[in-house]
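Undergrad: only the shape, not the letters, is given here:
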């Protein structure tokens, strides 16, 4: 039986796990809080406590065939790398596939230009630098020990419960305009689809950009969401005049167009939602149907 072990059970890991569990996979995930433990119990998944302070017990990895790494690195580095690298290296031959969820932030700012997986890595934020350091550490385990690591650089994630339709409905959407600013995006279902395509065709050491076909100004996405809902779009606000948190402002520090040609060419993956328009329309339709 295939057995997926997830370090971290966030938005993407939960979606992949539920998809695979429906096909008979065994799923185990780590938790840090009682709430996340309860979620794992509720879905019927195995539960292992992990907060980065100590490695997981080796026995919990018995029978595991696939690993998903989705815990963000902190100031002390990637917690899984720091505490579990020796355990995982010793069992490297056991795992058919290891996926590390990274970010397109490792490319830094390109002033709207294109990047692909062969582009230089020059993060312009602290978060991007931490991700690059984590990528380097995981690839080092692949090169030295044969751990079947694959890197997945995710663009801006949206999907059920996390999208601009929700923001417009809640009155939290803002149309902040910065000249020349574009972001790439990826729907949750396409993330799951690409990860599964990689599992079916492993290529250890490979890196993949996970994004749709159209990088777009963020204000255009908000306007389209409002149009779908039949409400007036929020007024445009100049970036220079917008009151933003340091975290929000850091997102606008980078503008680039990300190529997804490799996942199409090497994994044979066809996007379910090629742009945010198809993705938002499907989310709205699902809301209407389920409601």
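TA: Structure's in. What do you need? Keep in mind that what you see is a predicted model, and the values were worked out from it rather than measured.
Undergrad: pLDDT at residue 291, what is it?
TA: Turning to residue 291, the model gives it a pLDDT of 38.
Undergrad: how far away is the residue of the chain most remote from its centre from residue 238?
TA: What lies farthest from the middle of the chain is residue 232; by CA atoms, centre = their mean that is 30.8 Å. For residue 232, the distance to residue 238 equals 19 Å [CB to CB, to the nearest Å]. For the C-beta atoms, the positions are set from N, CA and C on the backbone; glycine is no exception.
Undergrad: ok, now residue 168?
TA: Using CB to CB, residue 168 is found at 20 Å from residue 238.
Undergrad: out of the two, which sits in the more crowded spot?
TA: Here residue 168 and residue 238 are compared on neighbour count by other CB atoms under 10 Å; more neighbours surround residue 168, at 22 against 10.
Undergrad: using the three-state scheme, assign that one.
TA: Using DSSP: H, G, I helix; E, B strand; the rest coil as the criterion, the local structure at residue 168 reads helix.
Undergrad: would you confirm that it contacts residue 226?
TA: Yes. In this structure, residue 168 is within contact of residue 226 by CB atoms under 8 Å, at 5.2 Å.
Undergrad: quickly list what's touching both of the two.
TA: Any residue near both residue 168 and residue 226 by CB atoms under 8 Å, 6 or more residues apart in numbering counts here, and that gives residue 234.
Undergrad: and the residue nearest to residue 149 when sequence neighbours are not counted, how many neighbours?
TA: Distance criterion CB to CB, 6 or more residues apart in numbering; nearest residue to residue 149, sequence neighbours excluded, is residue 142 at 4.2 Å. Look at residue 142: counted by other CB under 10 Å, it has 19 neighbours.
Undergrad: gap between residue 142 and residue 241?
TA: 46 Å.
Undergrad: for the stretch 51-200 of the chain, which segments count as strands?
TA: 66-69, 97-103, 114-115, 149-154, 156-158, 175-177, 185-187 (DSSP state E, counting those that start in this stretch).
Undergrad: and the average pLDDT for the longest one is what?
TA: Taken as a whole, strand 97-103 has an average pLDDT of 98.
Undergrad: from the chain's centroid, how far away is it?
TA: 9 Å (CA atoms, centre = their mean, to the nearest Å).
Undergrad: same check on the third one?
TA: Once both centres are worked out by CA atoms, centre = their mean, strand 114-115 turns out to sit 19 Å from its chain's centre.
Undergrad: partners of that strand in the sheet?
TA: strand 257-258 (parallel) (DSSP bridges).
Undergrad: what's the first helix or strand after the partner strand?
TA: Later in the chain than strand 257-258, the nearest helix or strand by DSSP states H and E is helix 261-267.
Undergrad: now what about that following helix, what contacts it?
TA: Residues outside helix 261-267 that contact it (CB under 8 Å, 6+ apart): 116-117, 194, 197-198, 201, 203, 206, 208-210, 269-271.
Undergrad: please apply the same query to stretch 40-53.
TA: Applying CB under 8 Å, 6+ apart, the set of residues contacting stretch 40-53 is 7, 9, 14, 17-18, 21, 26-32, 37, 56-57, 60, 71, 74, 76, 79-80, 82-83.
Undergrad: measure it end to end?
TA: For stretch 40-53, the first-to-last residue distance is 21 Å (CA to CA, to the nearest Å).
Undergrad: can you pull the buried residues of it?
TA: Using 16 or more other CB atoms under 10 Å as the test for burial, stretch 40-53 gives 40, 45-48, 50, 52.
Undergrad: wait, which of those residues is closest to residue 150?
TA: Minimum distance to residue 150 across these is 21.1 Å, recorded for residue 50 (CB to CB).
Undergrad: okay, that closest one: pLDDT?
TA: What the model reports as pLDDT for residue 50 is 97.
Undergrad: where's it relative to residue 130, distance?
TA: To residue 130, residue 50 is 19 Å away according to CB to CB.
Undergrad: repeat for residue 100
TA: Distance, residue 100 to residue 130, by CB to CB: 13 Å.
Undergrad: check residue 69 too.
TA: From residue 69 to residue 130 the distance is 14 Å (CB to CB).
Undergrad: check what pLDDT residue 177 gets.
TA: Residue 177 is assigned a predicted lDDT (pLDDT) of 96.
Undergrad: then residue 251?
TA: You'll see residue 251 listed with a pLDDT of 83.
Undergrad: what comes up buried for the helix or strand hosting residue 278?
TA: Counting by DSSP H and E, the element that carries residue 278 is helix 276-290. Across helix 276-290, burial judged by 16+ other CB under 10 Å covers 276-277, 279-280, 282-283.
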